[in-house]
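*Asks:* Dropping the sequence and predicted coords here.
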Amino acid sequence: MNQVSCGTSRIVGVRFAVYPMSDQFADIIKSALKQVDTSKVWMQTDDITTCVRGRSEHVFDVAEAVFVQAAKNGTHTVFNGTFSIGCPGDSEGDTYMSEDGVRLNKEASSQTEVEASTHFALYPMNNPDYMQVIADQVETAKEHSTFTKGVHYASRLDGSANDVFGTLEEIFVDTAQSSSHGHVTMTATVSANSPSQKDNKRND
Ligand SMILES: Cc1ncc(C[n+]2csc(CCO)c2C)c(N)n1
C-alpha cells in the first residue's frame, strides 16, 4: 500500500472539467488547455478531468482561463470543479509554492468577455462551527455585485467570468485563512452561453 505523507505547505488544488456543448468538444477542450500558460502550476490532464495545484492565485488564474478560452466563441460551456486546501497527503508539487504571485493569464482572461453564472458550495471540513463559517462567507459574497441568491445546498453568482472567479477565489482564500490548519473544499459549477433563461432574480 502506498504511504500517504503529509504536506507541509498550504498548497491549493482544483480538479475540474469543462464541457463545451458542441460536436467540436474535443478540439475546444484541447485548444483551451493549450492556450493557457500553466508554467506556474502543477497540472495533469486525463480523459476525465484536469488537476491543477500550486499557489491559490495561480490555481484560480488557470481555472478561470481554461473556462474562458473554452467559452469565448459562444458555445454553451460548463466548468465543474472542486477546489481543495489542506488535504492530508497533499505534498507532491510543493515546489510550485515558491513561484511569484504574478498571474500569467489575467490579461488574456480579462480581455475576453464571457458572462458566467455559478452555483458554489463551501465545505470547511472537520469544523464543528462549519455553518457559521459558511454563513460568514455568504455575507462576504453578498458584498460582491456577483451574489444573486442562495439556493438549496449552494449560492448563486452571476457576472463576468472575471468577477465570478474573483468572488470564488476571495471566499475560498478567506475560508482557508480562517481555518489555518484545516481542510477546506469548495465545489463550483460555472455556466456560460446557456440558451436557457437565467433564473437569477434576487430574492433579497
Ligand atoms: C479541463 C478538462 N480536462 C479534461 C477533460 C476530459 N476530456 C474530455 S474530452 C477531452 C479532449 C479529448 O481528449 C478531454 C481531455 C475535460 N472535459 N476538461
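*Replies:* Okay, I see it.
*Asks:* Residue 56 and residue 99, how far apart?
*Replies:* Separation of residue 56 from residue 99 (C-beta to C-beta, to the nearest Å): 12 Å. The way it works is simple: take the backbone N, C-alpha and C, and place the C-beta from them, glycine included.
*Asks:* List the buried residues for stretch 9-17?
*Replies:* Under the neighbour-count criterion of 16 or more other C-beta atoms under 10 Å, stretch 9-17 has 9, 10, 11, 12, 13, 14, 15, 16 buried.
*Asks:* CA atoms only: put that stretch into CSV for me.
*Replies:* C-alpha atoms of stretch 9-17 as CSV (Å, rounded to 0.1, in the frame of the first residue of the first chain):
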residue,chain,number,x,y,z
SER,A,9,2.7,23.8,2.6
ARG,A,10,-0.8,25.3,2.1
ILE,A,11,-0.9,24.1,-1.4
VAL,A,12,-4.2,24.7,-3.2
GLY,A,13,-5.7,22.5,-5.9
VAL,A,14,-8.6,22.1,-8.2
ARG,A,15,-9.8,19.1,-10.1
PHE,A,16,-12.2,20.2,-12.8
ALA,A,17,-13.5,19.6,-16.3
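*Asks:* Figure out how far that stretch is from the centre of its chain.
*Replies:* Chain-centre distance of stretch 9-17: 9 Å, with C-alpha atoms, centre = their mean, to the nearest Å.
*Asks:* elements contacting the worst-scoring helix or strand of the chain on mean pLDDT?
*Replies:* Lowest by mean pLDDT, DSSP states H and E among the helices and strands of the chain is helix 130-142, with a mean of 91. For helix 130-142, the elements it packs on are strand 115-124, strand 147-151, strand 154-160, helix 161-178, judged by 3 or more C-beta pairs under 8 Å, 6 or more residues apart in numbering; DSSP states H and E.
*Asks:* Mean pLDDT, mean neighbour count and distance to residue 43 for those - can I get that in TSV?
*Replies:* Converted to TSV, the helices and strands packed on helix 130-142 look like this (pLDDT from 0 to 100; neighbours: other C-beta atoms under 10 Å; distance: least, C-beta to C-beta, whole Å):
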stretch	mean pLDDT	mean neighbour count	distance to residue 43
strand 115-124	97	20	22
strand 147-151	95	17	30
strand 154-160	96	20	24
helix 161-178	95	20	17
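*Asks:* Which one of these lies nearest to the ligand?
*Replies:* Each of these has some distance to the ligand by C-beta to the nearest ligand atom; the shortest is helix 161-178, at 14.6 Å.
*Asks:* Give me the distance between the closest one and the centre of its chain.
*Replies:* With C-alpha atoms, centre = their mean, you get 8 Å for helix 161-178.
*Asks:* quick one: that helix to strand 115-124, angle?
*Replies:* 10 degrees (axes from the mean of the first three to the mean of the last three C-alpha atoms, to 10 degrees).
*Asks:* helices and strands around helix 161-178, which ones?
*Replies:* helix 56-71, strand 77-85, helix 106-110, strand 115-124, helix 130-142, strand 154-160, strand 184-192.
*Asks:* Any idea which of the ones you listed gets closest to residue 202?
*Replies:* Closest approach to residue 202 among the helices and strands packed on helix 161-178 (C-beta to C-beta): strand 154-160, 9.3 Å.
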